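Engineer: Next comes the sequence, and after it the predicted model I'd like to discuss.
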Amino acid sequence: MIKEKYFLRTIFVMIVLMGVYLYNDHVATNYRHSRDTQMRMAIVRTLGGPAIPIIAQCCTSRNLAEGIYARRSDLPGGFCFHSDCDVVATPGVLSEKVYTLKVIKKP
Amino acid sequence: MRIAGHINLWLMASQNLRRWRGKSLAIVIPLILVMATASFMMFTRGGFVKDAEIARGFLPDVTVQGIEAGRVGKISLAIKKRIEEIPHVKLVIPRVWGYLPLKIEGTDAAYTMMGLDLEQMVYDGKLPWTIEKGAFLAPGDRNKAVLGQGVALSFKTDVGERFVVEDTVDVGERLLVEDTLGNRGEFEVVGVLNNTVQIYSTDLIIVSLEDARLFFGYGENEASDLLVYADSPENVDRIAWEIAGSFKNTRVLTAKALTDLVKEAFGRRGGTFQAMWLILLTTVLLLVWAQSAHISVDVSKEIGILKAVGWQTGEIIEMRMMESLILGLGGTSIGILAGFLYALLGTPGISGYCLGCASVYPKFPVPVNCDFQSIVLLFILGVLPLMGVSAIPAWLAGVVDPDEAIRR
């Protein structure tokens, strides 16, 4: 009796894990079945690349076509001058050009 | 020993764990946390990697960037015309893009402005699905923009509103010197992309090629990069080599190279979590060692009685090892499921760190993938070290002298 109980539990856990795996592989992430994946790929195709908004917020060290941050600014031999970069920040930088976005509300 | 004997030892081990509930929970709970951390990290990274692999089929075959003094810069459209003449090149599309460093109410952020050639855009039939409000840009559109949700939600813009991107001096906390570049663009929001595609679009402001060119101060014959499409996949490498050999100061990236770079980017982020996870696992192993090495008087007497009634040393060791095995399997299984659910929920609380996004970005769903290899690896990582550290304590328990143990 005890053996049957443990056997059933083990089978149940295995079925759950297998279900999770199958759901992911064949439904959630499969291009043919997943509408989400199809939508993501439509964006990738239209933009011409996976413009993933990753790799820190430091613009000076990003490259859309690369996705890897070099942590170097565009200054020769310079470092990133974003204050919130968590690697290196050059002290005493006086200026930083930022943009302003405004929304003009409908009248 | 027959199989029935091993099963009996297994049952005895599980009963022991139930009897010493507090001790078992003290090991299982940290183990669940450790394995959940490892799982969500693996599954999230797996999701990005799988997405990147799928995306390979949708990327331009070759991306050509210009190099100026060793740095990525603009590329001349004169090169576009020459690339078009290369055999097996089907289409060459220029693209202009750049970043907008922002300071919104004291928070640093970075948005991406992407200028697409609307006259020869590679249109995907499923593109309308990605639009939550309004529509995508149409050929001939000028001064219009489609926004990613991160941009739209940050400023609460809606379709039909005018969206001003103004390049001005922002005398913020750290700014002391004026900048006078004076770039300025004004766009009407015609569409907002939906939540599902945020992973590739949350920080995007999609405009026409001409608008982006004007905004970033590009010349008529300049672009950020060229997207090259081959007539057949077999000719991609040949075209890439031809471009790399024919033009100086260019950087040629094939779809495979781009995919590998995206994978590597996520590997780096995953590395941070792996380091954290290793520290946690070591802590759990030390806990298991401490718990197993210390044999209480009750346990010692019990083992003494078992040996007195005929149990062999090997059986005692096997039972103790089975206790570790059950704890490892149980903790790892629950941890994997917990990690998977946490990843499905979008890793709340740490998604920004996972993706390295700016802090103004809202939460968005990340792709999750649990593959068979990851699950096997997680079980190996969760069970084997646990059994390893409990082997010596199990042996010490097994060689207890029954007479001495009972008299304690």
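Structural biologist: Cool, got the structure.

Engineer: How about stretch B:84-95 and chain A, any contact?
Structural biologist: Yes. Stretch B:84-95 is in contact with chain A by C-beta under 8 Å from any C-beta of the partner chain, via B:93, B:95. Where C-beta positions appear, they are placed from N, C-alpha and C, glycine not excepted.

Engineer: Residues in contact with that stretch: which ones?
Structural biologist: Applying C-beta atoms under 8 Å, 6 or more residues apart in numbering or on different chains, the contact partners of stretch B:84-95 are A:48, B:60, B:75, B:77, B:80, B:83, B:114-117, B:120-122, B:209, B:223-232, B:235, B:238-239, B:242-243, B:246.

Engineer: Flag every buried residue along it.
Structural biologist: B:86, B:89, B:92-95 (16 or more other C-beta atoms under 10 Å in any protein chain shown).

Engineer: Redo those residues as a markdown table? Include secondary structure.
Structural biologist: Below are these laid out as a markdown table (DSSP: H, G, I helix; E, B strand; the rest coil):
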| residue | secondary structure |
| --- | --- |
| B:I86 | coil |
| B:V89 | strand |
| B:V92 | strand |
| B:I93 | strand |
| B:P94 | strand |
| B:R95 | strand |
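
Engineer: sorry, back to before: derive a PyMOL selection command for the buried subset of the contacts of stretch B:84-95.
Structural biologist: Selection of buried members from those for PyMOL, criterion 16+ other C-beta under 10 Å:
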select buried, (chain A and resi 48) or (chain B and resi 60+75+80+83+114+115+116+117+121+122+209+223+224+225+226+227+228+229+230+235+239+242+243)
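
Engineer: Narrow the contacts of stretch B:84-95 to those in strands?
Structural biologist: If you go by DSSP state E, the contacts of stretch B:84-95 have B:75, B:114-116, B:223, B:225-230 in strands.

Engineer: The helix or strand B:G388 falls within close to chain A?
Structural biologist: In this assignment (DSSP states H and E), B:G388 forms part of helix B:372-398. Yes. Using C-beta under 8 Å from any C-beta, helix B:372-398 reaches chain A at B:372, B:375.

Engineer: buried residues in that helix?
Structural biologist: By 16+ other C-beta under 10 Å, the buried positions in helix B:372-398 come out as B:374-375, B:378-379, B:381-383, B:385-387, B:389-390, B:393-394, B:397-398.

Engineer: Is it correct that B:L327 falls within a strand?
Structural biologist: No. Assigned with three-state DSSP, B:L327 falls outside any strand and is helix.

Engineer: Need the contact partners of stretch B:311-329.
Structural biologist: Contact with stretch B:311-329 is made by B:1, B:5-6, B:9-10, B:12-14, B:16-17, B:24, B:27-28, B:31, B:288, B:292, B:303, B:306-307, B:379, B:382-384, B:386-387, B:390-391, B:393-395, B:397-400, as judged by C-beta under 8 Å, 6+ apart.

Engineer: for the stretch 151-300 of chain B, which spans come out with low pLDDT?
Structural biologist: For the stretch 151-300 of chain B, the stretches with pLDDT under 70 are B:154-184, B:262, B:264-273, B:295-297.

Engineer: ranges for the helices of it?
Structural biologist: B:198-201, B:209-216, B:236-246, B:255-293, B:297-308 (DSSP state H, counting those that start in this stretch).

Engineer: hey, which of these is tucked in deepest?
Structural biologist: Most buried of the helices of the stretch 151-300 of chain B, by mean neighbour count (mean count of other C-beta atoms under 10 Å in any protein chain shown): helix B:198-201, with a mean of 26.

Engineer: Show the low-confidence segments of chain A, by residue range.
Structural biologist: A:1-7, A:51-107.

Engineer: Look through it and tell me its longest helix.
Structural biologist: Determined from DSSP state H, the single longest helix within chain A is helix A:2-23.

Engineer: Could you list the buried residues of that one?
Structural biologist: For helix A:2-23, burial by neighbour count (16+ other C-beta under 10 Å) applies to A:17, A:20-21.

Engineer: Tabulate these (CSV), appending distance to B:V190.
Structural biologist: CSV is the format used below for the buried residues of helix A:2-23 (distance: C-beta to C-beta, whole Å):
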residue, distance to B:V190
A:L17, 46
A:V20, 40
A:Y21, 41
